[in-house]
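Student: Structure here, sequence nowhere to be found:
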């Protein structure tokens, strides 16, 4: 997941915010049908766990280096991935 350390800490990764959050990336479905997802804790460490805490959600996508992006990301000038 974007170079984040598994159960380690980092403040230098672009996904680091200093706050815990869930990603939209599933990790596994357990035997009872519960879903574990990847999360990032407040130190920047990557984990997986059952979704049962009040974290924010940050969708993450990674783009190839040759993809072009235009726009400023505002409502009037949204990002456009080419």
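Tutor: Happy to help now that I have it. What you see is a predicted model, and the numbers here were worked out from it, not measured in a lab.

Student: correct me, but residue 67 touches residue 81?
Tutor: Yes: the pair residue 67 and residue 81 qualifies as a contact (C-beta atoms under 8 Å) at a distance of 6.1 Å. The way it works is simple: take the backbone N, C-alpha and C, and place the C-beta from them, glycine included.

Student: Sketch out the low-pLDDT regions of the chain for me.
Tutor: Residues of the chain that meet the criterion pLDDT under 70 lie in 1-5, 60.

Student: one step back: need the residues touching each of residue 67 and residue 81.
Tutor: With contacts taken as C-beta atoms under 8 Å, 6 or more residues apart in numbering, not a single residue reaches both residue 67 and residue 81.

Student: Contact partners for residue 41?
Tutor: Under the criterion of C-beta under 8 Å, 6+ apart, the contact list for residue 41 reads 20, 47.

Student: what about stretch 20-40, how long is it end to end?
Tutor: 6 Å (C-alpha to C-alpha, to the nearest Å).

Student: which residues touch that stretch?
Tutor: Against stretch 20-40 from outside (C-beta under 8 Å, 6+ apart): 1, 4, 15-17, 41-42, 46-51, 53, 55-60.

Student: Now it: buried residues?
Tutor: Applying a neighbour-count criterion of 16 or more other C-beta atoms under 10 Å, the buried positions in stretch 20-40 are 20, 22, 23, 37, 38, 39, 40.
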